[in-house]
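**Student:** heads up, no residue letters with this:
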């Protein structure tokens with residue numbers, strides 16, 4: 001495994017470019033294949049999500065994702081296609097929004113990690129409106145859920161049935177006995193709609209704390225066995241609920257359900273970015 005990690009890290013390093021002034025950047029056209037994205041269109045979707053995350057974090061898209069033209073071979077003659085000279089921060093946001101099932105994405109998250117990222121998000125978080133807060137926290141939950149799934153698997157939660165029971169236990173603890181189906185019904189959601197996509201920022205934060213603390217406890221206490229892992233998830237959820245009650249907060253099941261889903265918010269923000277692109281400096285459609 002160590003050799004694989006070293007090899008993958010070297011691949012990221014090998015495509016890094018250094019300008020005359022000493023600044024570094026990565027070509028999006030070169031990074032996509034490294035991250036196992038064969039089609040540019042699929043990778044471009046990830047870049048767009050990363051741009052939204054960049055703006056939500058209070059950073060300039062044009063500074064972090066400067067556009068350049070790149071000559072691409074194919075067809076009768078080479079064509080000039082859009083490319084981005086990505087900063088390390090832009091690459092970090094891209095791997096954060098990539099497909100977590102890809103092993104190389106997880107490696108990229110480590111390689112492009114920026115120590116100040118969470119502090120920077122925190123600094124800007126209070127200035128964000130509710131929609132942007134939801135996007136920021138939902139993005140963190142996506143990554144923590146993937147990490148929790150891996151840690152739970154290492155603890156012995158192997159089958160799909162075991163994992164479903166494990167996941168339900170966390171919700172039952174946090175929501176005072178309500179499981180996923182009950183929460184789904186309480187929010188009056190349709191089949192296929194995910195409860196995490198219909199939570200406000202306060203409810204999302206409570207779940208993020210549940211997920212991250214469960215992952216840490218499973219790992220630090222070296223919990224082994226599906227039953228013990230499930231009991232741990234329930235206990236952490238219950239403790240988070242107790243903490244909310246102690247400070248006089250609203251129980252998660254009593255928080256209002258937003259009318260707009262996370263996907264709707266992302267679509268609205270992408271449309272807003274497309275309007276900004278009319279000056280030709282931000283080509284999102286190619």
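**Tutor:** Yep, it's here. Keep in mind that this is a model prediction, so the values were computed, not measured.

**Student:** Look at residue 85 and give its secondary structure.
**Tutor:** strand (DSSP: H, G, I helix; E, B strand; the rest coil).

**Student:** Sorry, slip of the keys, the one I care about is residue 178.
**Tutor:** coil.

**Student:** and what of residue 69?
**Tutor:** Residue 69 - assigned by three-state DSSP - is strand.

**Student:** which one is it nearest to, not counting chain neighbours?
**Tutor:** residue 80 (4.7 Å; C-beta to C-beta, 6 or more residues apart in numbering). All C-beta atoms are positioned from the backbone trio N, CA, C, and that covers glycine.

**Student:** That neighbour sits in which helix or strand?
**Tutor:** Using DSSP states H and E, residue 80 sits within strand 79-86.

**Student:** now what about the helix or strand that contains residue 210, what contacts it?
**Tutor:** For residue 210, the host element (DSSP H and E) is helix 201-220. Helix 201-220 is contacted from outside by 130, 133-134, 137-138, 140-141, 144-145, 147-148, 151-152, 154-155, 170, 173-174, 196, 199, 223, 229, 232-233, 236-237, 239-240, 244, 250, 252, 255, using C-beta atoms under 8 Å, 6 or more residues apart in numbering.

**Student:** are any of those buried, and which?
**Tutor:** The neighbour count (16 or more other C-beta atoms under 10 Å) marks 133-134, 137-138, 140-141, 144-145, 147-148, 151-152, 155, 170, 173-174, 196, 199, 223, 229, 232-233, 236-237, 239-240, 244, 252, 255 as buried among the contacts of helix 201-220.

**Student:** from those residues, which ones fall inside helices?
**Tutor:** Those of these mapping onto helices are 133-134, 137-138, 140-141, 144-145, 147-148, 151-152, 155, 170, 173-174, 229, 232-233, 236-237, 239-240, 244, per DSSP state H.

**Student:** And for residue 110, the neighbour number?
**Tutor:** Look at residue 110: counted by other C-beta atoms under 10 Å, it has 12 neighbours.

**Student:** That one falls within a helix, correct?
**Tutor:** Yes: assessed with three-state DSSP, residue 110 lies in a helix.

**Student:** OK, contacts around it?
**Tutor:** So residue 110 contacts nothing (C-beta under 8 Å, 6+ apart).

**Student:** Do you know the pLDDT at it?
**Tutor:** On the pLDDT scale, residue 110 is placed at 71.

**Student:** And residue 14, by the same measure?
**Tutor:** Here, the pLDDT recorded for residue 14 equals 89.

**Student:** Against residue 263, how distant is it?
**Tutor:** 36 Å (C-beta to C-beta, to the nearest Å).

**Student:** Can you list the low-confidence ranges for the protein?
**Tutor:** The model of the chain has pLDDT under 70 over residues 1-9, 70-79, 113-125, 278-286.

**Student:** nearest residue to the residue nearest the centre of it other than its sequence neighbours?
**Tutor:** Centroid-nearest residue in the chain: residue 139, 3.5 Å away (criterion: C-alpha atoms, centre = their mean). Counting by C-beta to C-beta, 6+ apart, residue 53 is the residue found nearest to residue 139 once chain neighbours are left out, at 6.1 Å.

**Student:** how far away is the one you found from residue 128?
**Tutor:** 12 Å.

**Student:** more crowded one of the two?
**Tutor:** residue 53 (22 against 17).

**Student:** Show me what the host helix or strand of that one is in contact with.
**Tutor:** Following DSSP H and E, one finds residue 53 within helix 40-56. Helix 40-56 has contacts (C-beta under 8 Å, 6+ apart) with 28-29, 31-32, 35, 37, 60-61, 64-65, 81, 84, 89-90, 93-94, 96-99, 124, 128, 132, 135-136, 139, 266, 269-270, 273, 284, 286.

**Student:** Can you name every helix or strand that the helix or strand encompassing residue 183 contacts?
**Tutor:** Assessed by DSSP H and E, residue 183 sits inside helix 180-186. If contacts are counted by 3 or more C-beta pairs under 8 Å, 6 or more residues apart in numbering; DSSP states H and E, helix 180-186 sits against helix 160-174.
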